[in-house]
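# need a structure here:
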Amino acid sequence: MYVEHFQEMPDGQLQPLNNCGRYTGGHIRLNRRDLLSWRRLRRQMAQDLQTLARAASRLEARFAAELDLCDQSQIREEIKTLNDRIDRDRERFSL
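Sure thing, here's the model as predicted:
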């Protein structure tokens, strides 16, 4: 429904796409400063989470190739930490 009535701009502003969007955006003030900040933060977090997911994938590939059990344990912990962070932030930012 959101995308039917608004387009999110890079600066966090919501651009209405139709009369419903214009009315709703103005009525409940969807371009308030705090909401703009939240949308910018959410957009940045989406980019950061992609970077973290790529890092986790590289660690998993390294883990698969690692023969040293001590190094495997450390890599496994790093992978778990990254994946936990990714999951928490995806939930927090509804991504």
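# middle-most residue in this structure, spatially?
residue 46 (2.4 Å; C-alpha atoms, centre = their mean).
# which residues does residue 55 contact?
residue 82 (C-beta atoms under 8 Å, 6 or more residues apart in numbering). Quick note: C-beta positions are derived from backbone N, CA and C, even for glycine.
# Export only the CA atoms of stretch 40-48, formatted as CSV.
C-alpha atoms of stretch 40-48 as CSV (Å, rounded to 0.1, in the frame of the first residue of the first chain):
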residue,chain,number,x,y,z
ARG,A,40,17.6,8.0,6.0
LEU,A,41,18.9,5.8,8.8
ARG,A,42,16.8,2.9,7.6
ARG,A,43,18.2,3.3,4.0
GLN,A,44,21.8,3.4,5.3
MET,A,45,21.1,0.4,7.4
ALA,A,46,19.8,-1.5,4.4
GLN,A,47,23.1,-0.8,2.6
ASP,A,48,25.2,-1.7,5.7
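# Show me which residues of stretch 44-60 are buried.
45, 49, 52, 56, 59, 60 (16 or more other C-beta atoms under 10 Å).
# So residue 56 belongs to a strand, correct?
No - Residue 56 sits outside any strand when classified using DSSP: H, G, I helix; E, B strand; the rest coil, being helix.
# Relative to residue 70, how far out is it?
20 Å (C-beta to C-beta, to the nearest Å).
# show me where the chain has helices.
2-5, 19-27, 33-65, 69-92 (DSSP state H).
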